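1. I need the structure of the sequence given here:
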Amino acid sequence: MELERAQKIADEVIKRLSPYCQKIEVAGSVRRRKPFPRDIDIVLIPSDPWNLEGEVLGLSRPVQPKLSGDKLKRFNYNGVQVDLYFASEDTWATLLLIRTGSKENNIRLCSRAKKRGWHLAASGDGLFNEKGERIAGDTEESIYVALGLPYQRPEKRR
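-> Residues are numbered from 1 along each chain as shown. Sure thing, here's the model as predicted:
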């Protein structure tokens with residue numbers, strides 16, 4: 001699908017879910033502004049999980065949603081796959097970074113961490129040093145800085 005359609009669908013989903021979220025933001029190829037996203041990735045921190053679940057079920061009717069657990073909910077909305085990634089305040093920035101991608105950018109960041117004996121957790125938990133101490137992850141920028149890299153805006157992460 002074209003970026004304009006993907007952005008419109010993402011905006012519709014976010015508008016419907018945002019009353020039940022502390023934070024919610026589009027991620028993935030839509031956030032990177034790719035011309036032809038395949039699906040829509042959204043990272044959120046729920047503030048009202050019960051009503052959020054009800055709204056997700058309402059968005060995906062009449063197709064039964066594929067609910068994939070506590071950290072990911074996947075469903076079809078207007079013929080487009082939407083993946084919701086559930087974060088906490090502690091995991092928000094790292095999960096947004098990882099779920100924005102690109103795959104190549106994530107590999108580059110993880111490889112750079114590994115060369116230092118560190119670990120960038122795909123779960124969103126943050127960047128950890130060789131002692132297992134969290135050294136970055138409060139912001140996307142903090143991870144780039146800790147890895148000795150200049151911050152890269154989402155649309156540049158190709």
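
2. is it true that residue 83 lies in a helix?
-> No. In this structure, residue 83 is strand, not part of a helix, as judged by DSSP: H, G, I helix; E, B strand; the rest coil.

3. so it makes contact with residue 40?
-> Yes. The criterion here is Cβ atoms under 8 Å, and residue 83 meets it with residue 40 at 7.2 Å. From N, CA and C alone the C-beta is placed, and that goes for glycine too.

4. what is in contact with those two at once?
-> Applying Cβ atoms under 8 Å, 6 or more residues apart in numbering, one finds that residue 83 and residue 40 are jointly contacted by residue 28.

5. These two: which is more packed in?
-> residue 40 (26 against 18; other Cβ atoms under 10 Å).

6. what residue of this protein is the furthest out?
-> residue 131 (26.7 Å; Cα atoms, centre = their mean).

7. What distance do you get for that residue to residue 28?
-> According to Cβ to Cβ, to the nearest Å, residue 131 and residue 28 sit 32 Å apart.

8. cool, and residue 22?
-> In terms of Cβ to Cβ, residue 22 sits 20 Å off from residue 28.

9. out of these two, which sits in the more crowded spot?
-> Between residue 22 and residue 28, residue 28 has the larger neighbour count (other Cβ under 10 Å), namely 23 against 14.

10. what's the weakest-modelled helix or strand in this structure?
-> Least confident helix or strand of the chain, by mean pLDDT, DSSP states H and E, is strand 66-67 with a mean of 52.

11. strand partners of the helix or strand just after that strand, parallel vs antiparallel please.
-> As assigned by DSSP states H and E, the chain's next helix or strand after strand 66-67 is strand 72-77. Here strand 72-77 is paired, per DSSP bridges, with strand 66-67 (antiparallel), strand 80-86 (antiparallel).

12. Select the longest helix from this protein.
-> Longest helix in the chain, counting residues (DSSP state H): helix 3-17.

13. For it, which outside residues touch it?
-> Applying Cβ under 8 Å, 6+ apart, the external contacts of helix 3-17 come out as 24-26, 29-30, 33-37, 40, 42, 44, 52, 55-56, 58-59, 77-78, 80, 82, 84.

14. Just the buried residues of those residues.
-> Buried members of the contacts of helix 3-17, scored by 16 or more other Cβ atoms under 10 Å, are 24-26, 29-30, 34, 37, 40, 42, 44, 52, 55-56, 59, 77, 80, 82, 84.
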